[in-house]
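Trainee: fold the following, please.
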Amino acid sequence: MSIRLNDKFIRRYVSAEEMEGIRPQVELALETLQQGSGLGADFLGWIRRPVDYDKEEYARIQAAAEKIRKSCDVLIVIGIGGSYLGARAAIEFVRGNYYNSLHGDVPEVYFAGNSISASALADTLRLCEGKDICVNVVSKSGTTTEPAVAFRIFRELLEKKYGEKEARERIFVTTDKKRGKLKEFADSKGYETFVIPDDIGGRYSVLTAVGLLPIAVCGINTDDMLRGAADAMRAYTTAKFEENDCLKYAAYRNILYRAGKVTEILAAYEPSLQMVGEWWKQLFGESEGKDAKGLFPASVIFSTDLHSMGQMIQQGMRNIFETVLDVHASNDKVPVPMDLEDADGMNFLSGKDLHEINRCAMEATLCAHSDGGVPNIVLEIPDRSAYSFGYLVYFFELACGVSGYTLGVNPFNQPGVEAYKSNMFALLGKPDPSLDALRTLLEQQMK
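Mentor: Below is the predicted model:
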């Protein structure tokens, strides 16, 4: 099982000569990644991560997941950005959107600390009422506002509910190996800790303890997930360009970008892939969006969004292209029943499975959008297994690194995200003399 790039709906927009022309740049980008000779080379630990990981820590992750499954009804995962998106994407990809309601054999898993909304956090607290709770806080430093505040609130809840001693056994911390406020605090309290590797950035961290602990709590086979990623690593880091769909994807993206297609829409026909789209947007947006460059990443779920965004995609500005995730096999079979009255005129669908109908909708949309001037890259995924998720993660991570170097940016930093944080700290009155001038300027702007 692997991911296959179907170029049927892109050939009319990108010629063989263009692909051959960009080939040396893409191959050089891959070589630069593998040699660690490019920008951001300190953050390349993800490249070999599927096979080179701490086996002792991995065993502790499995043991902690089992402990959580036995001791709680609800696991709260506290983190923002890469600290939660990959885990949530994996859980929904494999177990579906309604995993908390449909899988009584494992704890419910909810995500907090990814916004500063009072209502969102209050609702999460309500979900915990009358239930046994564990917490997994994920933060490299422990000083990021959203997760830090959420952790304060849930830590207080656990200590009031269980007492400090038992709360200690219900709090699991994923953070820096040696330093940082959260690491210091966790050690002082005696919490079990797991490591966010120094050489892996947040958006590339789903296959580390960051993602693996909550994924394992849900009963998903993380061995299979890592095996999928390892197989993808072996395939895409060794195959020649003409046989390497990952390199081809990076090449197509850059050719279309240079031709003025500056927005990439990731489209899926399974609602359970919605969070994959959110994870993908951070991966590519944070990696490529700098130096006034980069494709704007957007995502949609069809056929739902065909009834809201379909018109724009079909006939709006021709500055877009789509990458379509085509999941071949469905986890379920739901046939359309026969209705003797045929009031809705849908008896022609009787006996057909919904997945078959969904795939027809996809094929019809591909033809329509392509005819309407929208290039479409199709990535065929065999199924929604843990193996396929791991394979997909590595496909996109490698493609992102290659694409970023081909674009001419550092795909592993994110200098722009600090601007809003400094402004927020200044407006909130954080005691820091370096923020005084900024605070005055912002107050004048806000008048």
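
Trainee: ok, the residue nearest the centre of the chain - contacts?
Mentor: Centroid check for the chain by Cα atoms, centre = their mean gives residue 279 as the closest residue, at 2.1 Å. Applying Cβ atoms under 8 Å, 6 or more residues apart in numbering, one finds that residue 279 lies in contact with 85, 86, 88, 89, 203, 206. For the C-beta atoms, the positions are set from N, CA and C on the backbone; glycine is no exception.

Trainee: could you point out the helix or strand that follows the longest strand along the chain?
Mentor: If you go by DSSP state E, the chain has its longest strand at strand 320-327. The helix or strand immediately downstream of strand 320-327 is helix 354-371, counting by DSSP states H and E.

Trainee: what does that next one rub up against?
Mentor: 9, 12, 269, 302-303, 306, 310, 313-314, 322, 324, 326, 330, 332-336, 349, 376, 378.

Trainee: mind running it again at 6 Å?
Mentor: When contacts are defined by Cβ atoms under 6 Å, 6 or more residues apart in numbering, helix 354-371 is touched by residues 9, 269, 303, 330, 334, 376.

Trainee: what ranges do the strands span in the chain?
Mentor: 4-6, 74-78, 108-112, 133-138, 171-175, 192-195, 263-268, 296-301, 320-327, 376-381.

Trainee: the shortest one - contacts with which helices or strands?
Mentor: Contacts of strand 4-6 with other secondary structure elements, assessed using 3 or more Cβ pairs under 6 Å, 6 or more residues apart in numbering; DSSP states H and E, are made with helix 245-258, strand 376-381.

Trainee: try the fourth one
Mentor: Here strand 133-138 touches strand 74-78, strand 171-175, going by 3+ Cβ pairs under 6 Å, 6+ apart.

Trainee: can you list those strands in CSV and add mean pLDDT?
Mentor: Putting the helices and strands packed on strand 133-138 into CSV (pLDDT from 0 to 100) gives the following:
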stretch, mean pLDDT
strand 74-78, 98
strand 171-175, 97
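
Trainee: report the longest helix in this protein, please.
Mentor: Using DSSP state H to define each element, the chain has its longest helix at helix 386-407.

Trainee: please export the C-alpha coordinates of that helix as CSV.
Mentor: What follows is helix 386-407, C-alpha atoms only, in CSV (Å, rounded to 0.1, in the frame of the first residue of the first chain):
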residue,chain,number,x,y,z
ALA,A,386,-3.0,3.9,10.7
TYR,A,387,-0.4,2.7,8.1
SER,A,388,-1.8,5.0,5.4
PHE,A,389,-1.9,8.0,7.8
GLY,A,390,1.8,7.5,8.6
TYR,A,391,2.6,7.2,4.9
LEU,A,392,0.6,10.3,4.1
VAL,A,393,2.4,12.3,6.9
TYR,A,394,5.8,11.5,5.6
PHE,A,395,4.7,12.2,2.0
PHE,A,396,3.7,15.7,2.9
GLU,A,397,6.6,16.4,5.3
LEU,A,398,9.2,15.5,2.7
ALA,A,399,7.3,17.3,-0.1
CYS,A,400,7.1,20.4,2.1
GLY,A,401,10.9,20.4,2.8
VAL,A,402,11.7,19.9,-0.9
SER,A,403,9.1,22.4,-2.1
GLY,A,404,10.4,25.0,0.4
TYR,A,405,14.0,24.7,-0.7
THR,A,406,12.8,24.8,-4.4
LEU,A,407,10.9,28.0,-3.5
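
Trainee: follow-up on the earlier one: next, format the strands of the chain as a markdown table and append mean neighbour count and distance to residue 61.
Mentor: Shown next, in a markdown table, are these (neighbours: other Cβ atoms under 10 Å; distance: least, Cβ to Cβ, whole Å):
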| stretch | mean neighbour count | distance to residue 61 |
| --- | --- | --- |
| strand 4-6 | 16 | 31 |
| strand 74-78 | 26 | 13 |
| strand 108-112 | 22 | 15 |
| strand 133-138 | 27 | 11 |
| strand 171-175 | 26 | 9 |
| strand 192-195 | 19 | 6 |
| strand 263-268 | 23 | 28 |
| strand 296-301 | 19 | 29 |
| strand 320-327 | 23 | 27 |
| strand 376-381 | 21 | 26 |
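
Trainee: what's the closest of these to residue 215?
Mentor: Residue 215 lies closest to strand 108-112 among the strands of the chain, at 9.2 Å (Cβ to Cβ).

Trainee: which regions of this protein sit below the pLDDT cut-off?
Mentor: 1, 418-419, 421, 424, 426-428, 436, 438-439, 441-443 (pLDDT under 70).

Trainee: hmm, back to that, pick the most buried one from the helices and strands packed on strand 4-6.
Mentor: Per residue and on average, the most neighbours among the helices and strands packed on strand 4-6 fall to helix 245-258, with a mean of 23 (mean count of other Cβ atoms under 10 Å).

Trainee: need the contacts of residue 279 in TSV (columns: neighbour count and distance to residue 175).
Mentor: Shown next, in TSV, are those (neighbours: other Cβ atoms under 10 Å; distance: Cβ to Cβ, whole Å):
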residue	neighbour count	distance to residue 175
85	28	17
86	31	16
88	25	19
89	25	21
203	26	17
206	31	16
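
Trainee: next, format those residues as JSON lines and append distance to residue 97.
Mentor: Output for the contacts of residue 279, formatted as JSON lines (distance: Cβ to Cβ, whole Å):
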{"residue": "85", "distance to residue 97": "15"}
{"residue": "86", "distance to residue 97": "17"}
{"residue": "88", "distance to residue 97": "11"}
{"residue": "89", "distance to residue 97": "12"}
{"residue": "203", "distance to residue 97": "22"}
{"residue": "206", "distance to residue 97": "18"}
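
Trainee: so which pair among these is furthest apart in space?
Mentor: 88 and 203 (13.5 Å).

Trainee: please enumerate the helices of the stretch 51-200 of the chain.
Mentor: In the stretch 51-200 of the chain, the segments counted as helices under DSSP state H, counting those that start in this stretch are 55-71, 85-95, 99-102, 118-127, 145-162, 164-168, 181-189.

Trainee: most tightly packed of those?
Mentor: helix 85-95 (a mean of 26).

Trainee: returning to what we had before: between the helices of the stretch 51-200 of the chain, which gets nearest to residue 420?
Mentor: Going by Cβ to Cβ, the one of these nearest residue 420 is helix 145-162, 10.2 Å.

Trainee: dump the closest one to CSV, keeping only the CA atoms.
Mentor: Backbone C-alpha positions of helix 145-162 (Å, rounded to 0.1, in the frame of the first residue of the first chain) are rendered in CSV as follows:
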residue,chain,number,x,y,z
THR,A,145,-0.2,31.8,26.3
GLU,A,146,-3.0,29.5,25.0
PRO,A,147,-1.7,26.2,26.4
ALA,A,148,-0.1,27.7,29.5
VAL,A,149,-3.4,29.2,30.7
ALA,A,150,-5.4,26.1,29.9
PHE,A,151,-2.9,24.0,31.8
ARG,A,152,-3.3,26.2,34.9
ILE,A,153,-7.0,25.7,34.8
PHE,A,154,-7.0,21.9,34.3
ARG,A,155,-4.2,21.5,36.8
GLU,A,156,-6.2,23.3,39.4
LEU,A,157,-9.2,21.2,38.5
LEU,A,158,-7.3,17.9,39.0
GLU,A,159,-5.7,19.0,42.2
LYS,A,160,-9.0,20.0,43.7
LYS,A,161,-10.7,16.8,42.5
TYR,A,162,-8.0,14.3,43.4
